[in-house]
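[1] coords please:
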Amino acid sequence: MPRIFRLDITVASSDIDIQGHVNNTRYVGWMQDVAVAHSAAQGWPMTRYVEEGAGWVVRQHTITYKRPCFLGEVVSVCTWISSFAHRQSVREYLFWRAADRTVLAEAETQWVFINLTSGRPTKVPDSLLHAFEVVDDAGEAVRMLEG
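    Below is the predicted model:
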C-alpha cells in the first residue's frame, strides 16, 4: 500500500477557464478525486465508509498556485497523510506537469471524521488509522517528482 499515492490526469476542455488554462476550482476537484482513490487503494472505498456510518468532511483547503497548465497536458498529483488525530487528519498534495516536472500547485486539506447520521465529529476507528501511514517528510513526495 503506497505511503504516497499518485494519480495522472489529462487536462480536458472542461477543465479550462476563459483565460485558457486550468481553472483553479478544478484543483479542488482533483484533490477530492485523488483522496478518494488513495483511500480506496488503502482498503477504504466510499462504500466502506457508508457501511461504517462515518466519513470525512472538509474543514479547510489551502492551495498555492505556482504555474498554469493547459489543455491536453498531463498533470501528476500525489497525496499523502501528514498527520492523523482521533477525529481529523491533514492530507497534503503536490501537482506537477508530467512533461517537464514543473510544480503547478501545492495544497493541503484538513479533514474531520464525522458520523454520517448526526453529522458530528466522531473517533476515527483503529482499522482506518492503521490503513494509512503518516508521511511527515514532504521531501519524499518531492523525490517522487524528481525521480
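
[2] CA only for contacts and neighbour counts going forward, please
    Noted.

[3] quick one: residue 8 is in a strand?
    Yes - the assignment for residue 8, made by DSSP: H, G, I helix; E, B strand; the rest coil, places it in a strand.

[4] isn't it right up against residue 74?
    Yes - assessed by CA atoms under 8 Å, residue 8 is found in contact with residue 74 at 6.5 Å.

[5] Strands along this structure, start to end?
    Using DSSP state E, the strands found in the chain span residues 5-10, 54-65, 74-84, 88-97, 103-115.

[6] Residue 86 contacts residue 123, doesn't it?
    Yes - in this structure, residue 86 is within contact of residue 123 by CA under 8 Å, at 5.3 Å.

[7] quick one, the longest helix seen in the chain and strand 103-115 angle?
    As assigned by DSSP state H, the longest helix anywhere in the chain is helix 24-41. Put simply, helix 24-41 runs at 60 degrees to strand 103-115, going by axes from the mean of the first three to the mean of the last three CA atoms, to 10 degrees.

[8] which outside residues touch helix 24-41?
    Helix 24-41 is contacted by residues 1, 5, 6, 7, 15, 45, 46, 77, 78, 79, 93 when judged by CA atoms under 8 Å, 6 or more residues apart in numbering.

[9] can you rerun that using 6 Å?
    residue 5 (CA atoms under 6 Å, 6 or more residues apart in numbering).

[10] What residues sit buried inside it?
    27, 30, 31, 34, 35, 37, 38, 39 (16 or more other CA atoms under 10 Å).

[11] Out of those, flag the one nearest to residue 50.
    Nearest to residue 50 out of the buried residues of helix 24-41 is residue 39 (CA to CA; 13.4 Å).

[12] So that closest one versus residue 28, what's the distance?
    17 Å (CA to CA, to the nearest Å).

[13] and what of residue 129?
    24 Å.
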